[in-house]
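Q: Need the 3D shape of this:
(one chain, ligands or ions: 2)
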Amino acid sequence: MSNRLRLAIQSSGRLSEATTDLLSACGIKASKPDRKLRVVAEHFDLEVLFVRDDDIPGYVADGVADAGIVGENVVLEKARDVQVLDQLGFAKCRLSLAVQKSHPYESLEDLNGLHFATSYPVLLGRYFEEKGVDASIHQISGSVEIAPGIGLADGICDIVSSGSTLISNGLKEVDVVLRSEAVLIAGAELEPEKSALLDRLRFRIQSVQRASNHRYILMNVPNESIDEVSGILPGMRAPTVMPLAEEGWSSVHSVIPENSFWDVIDSLKDAGAEGMLVVPIEKLVL
Ligand code: PRT
Ligand code: ZN
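A: Ligands and ions are numbered 1, 2, ... in the order given. Predicted structure coming up:
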């Protein structure tokens with residue numbers, strides 16, 4: 001038995017590119033050669049299984065794979081015994097209820113007696129039960145959005161991201177059943193060696209994610225304003241201060257959360273900071 005960590009990822013679809021990009025940012029090269037289902041990664045004790053996303057929770061629960069990257073919507077629908085370890089920040093979407101645009105929808109009560117088509121019968125059934133909605137569910141595996149138009153259902157429960165599929169099929173979104181994004185999952189109990197490898201993988205993923213959520217900021221500051229500027233910067237620690245060739249001025253460097261720049265820029269300018277430069281960070285290891 002190999003002691004490599006086996007990671008199941010989507011073979012081709014909406015998750016695949018972002019997943020291989022994430023692995024590659026973690027220094028793990030695992031591109032899918034034609035028709036191969038299993039690839040041994042370079043630079044990490046890992047083998048990647050390329051599979052359909054729907055099979056990922058099952059493979060992980062059954063121990064065929066040790067871990068997987070898949071939409072949380074699929075994990076929850078499959079309801080297999082796996083642990084959700086980390087949110088990965090891509091493939092964000094929602095599982096929503098939609099009815100025909102002409103439907104005089106006002107509240108959930110209006111859904112009683114209606115017939116819904118979905119590929120998510122488990123999640124939808126649980127939602128109807130929790131909300132006390134008495135509607136019926138018809139499970140179909142694809143092209144859910146056309147069901148109302150062809151008279152197969154009154155409404156649908158499907159994944160929405162921009163909402164344009166609903167609009168182009170004459171549907172309107174009425175409630176959100178679940179918000180989802182790609183997640184890292186693992187088997188309930190991993191052997192210690194695999195678990196150590198998984199921790200290393202998670203550490204790398206977290207460093208990459210932290211980097212993409214932060215910016216490195218550099219600016220010129222008159223020396224008398226350094227304390228004020230340091231107080232404004234939402235940095236990780238005290239900023240780095242280095243003298244400029246010009247007497248009385250310093251270069252101040254710090255790491256700030258992505259969106260903070262726009263919150264603090266005016267205060268920094270008022271405090272006398274000039275020539276601000278904001279640059280992306282590739283990895284941020286704490
Ligand atoms: O072949 P395989 O089974 O592996 O893939 P799949 O066809 O089942 O899944 P895929 O690749 O379409 O989606 C994989 C995962 O991406 C989903 O499980 C979600 O977690 C996530 N995701 C994010 C989405 C979307 N956004 C999305 N927009 N999955 C599907 N859609 C579809 C949706 O079903 C609808 O048809 O896109 C349409 C809606 O998009 P908008 O932008 O028009 O609202
Ligand atoms: Zn699928």
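
Q: Can you give the distance of the helix or strand where Gly68 lies from its chain's centre?
A: Assigned by DSSP states H and E, Gly68 falls within strand 67-71. Offset of strand 67-71 from its chain centre (C-alpha atoms, centre = their mean, to the nearest Å): 11 Å.

Q: same thing with stretch 16-36?
A: 16 Å.

Q: And stretch 265-283, by the same measure?
A: Using C-alpha atoms, centre = their mean, the mean C-alpha position of stretch 265-283 is found 28 Å from that of the whole chain.

Q: And for stretch 210-222?
A: What separates the centre of stretch 210-222 from the centre of its chain is 24 Å, taken as C-alpha atoms, centre = their mean.

Q: what do you get for stretch 113-123?
A: Worked out by C-alpha atoms, centre = their mean, stretch 113-123 lies 25 Å from the chain centre.

Q: If I look at the residue in the stretch 101-250 of the chain that ligand 2 sits nearest to, what pLDDT would I see?
A: Across the stretch 101-250 of the chain, the shortest distance to ligand 2 (C-beta to the ion) belongs to Ser119, at 8.4 Å. Backbone N, C-alpha and C define where each C-beta goes, glycine included. At Ser119, the pLDDT value in this model is 98.

Q: could you pull out the helices for the stretch 1-150 of the chain?
A: Ranges of helices in the stretch 1-150 of the chain, per DSSP state H, counting those that start in this stretch, are 16-25, 56-62, 72-78, 121-131.

Q: TSV for those helices, including mean neighbour count and distance to Ile205?
A: Shown next, in TSV, are the helices of the stretch 1-150 of the chain (neighbours: other C-beta atoms under 10 Å; distance: least, C-beta to C-beta, whole Å):
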stretch	mean neighbour count	distance to Ile205
helix 16-25	18	7
helix 56-62	21	16
helix 72-78	21	16
helix 121-131	16	26
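
Q: Is it possible to get those helices out as CSV so that each row also shows distance to ligand 2?
A: Shown next, in CSV, are the helices of the stretch 1-150 of the chain (distance: least, C-beta to the ion, whole Å):
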stretch, distance to ligand 2
helix 16-25, 11
helix 56-62, 9
helix 72-78, 7
helix 121-131, 14
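
Q: Need those in TSV (columns: distance to ligand 1).
A: Converted to TSV, those look like this (distance: least, C-beta to the nearest ligand atom, whole Å):
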stretch	distance to ligand 1
helix 16-25	7
helix 56-62	9
helix 72-78	5
helix 121-131	12
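
Q: For those helices, could you give me CSV that also reports distance to Trp262?
A: Below are the helices of the stretch 1-150 of the chain laid out as CSV (distance: least, C-beta to C-beta, whole Å):
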stretch, distance to Trp262
helix 16-25, 25
helix 56-62, 38
helix 72-78, 30
helix 121-131, 37
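
Q: quick revisit: what's the neighbour count on the residue of the stretch 101-250 of the chain closest to ligand 2?
A: 21 (other C-beta atoms under 10 Å).

Q: Could you check how far it is from Gly248?
A: 66 Å (C-beta to C-beta, to the nearest Å).

Q: what do you get for Gly275?
A: 15 Å.

Q: what's the nearest residue to Gly13 if we skip its chain neighbours?
A: Sequence neighbours aside, Asp53 is the residue nearest to Gly13 in space, at 6.1 Å (criterion: C-beta to C-beta, 6 or more residues apart in numbering).

Q: Let me see the confidence value for the one you found.
A: pLDDT, read off for Asp53, is 97.

Q: Confirm for me that it is in contact with Val74.
A: Yes. Contact criterion C-beta atoms under 8 Å: Asp53 and Val74 qualify, at 5.6 Å.

Q: Residues of this protein that sit close to ligand 2?
A: Taking C-beta under 5 Å from the ion, the part of the chain that reaches ligand 2 is made up of 53-54.

Q: Which parts of the chain belong to which domain?
A: The record's domain split for the chain, according to automatic domain parsing, is 5-91+181-211, 93-180, 214-280.

Q: Reformat those domains as TSV; add distance to Leu286.
A: Listed next are these as TSV, based on distance: least, C-beta to C-beta, whole Å:
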stretch	distance to Leu286
domain 5-91+181-211	7
domain 93-180	28
domain 214-280	8
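
Q: if I look at the closest residue to Val48 other than its chain neighbours, how far off is ligand 2?
A: Nearest in space to Val48, with sequence neighbours left out and distances taken as C-beta to C-beta, 6+ apart, is Ala30 at 4.3 Å. Going from Ala30 to ligand 2 by C-beta to the ion, to the nearest Å gives 20 Å.
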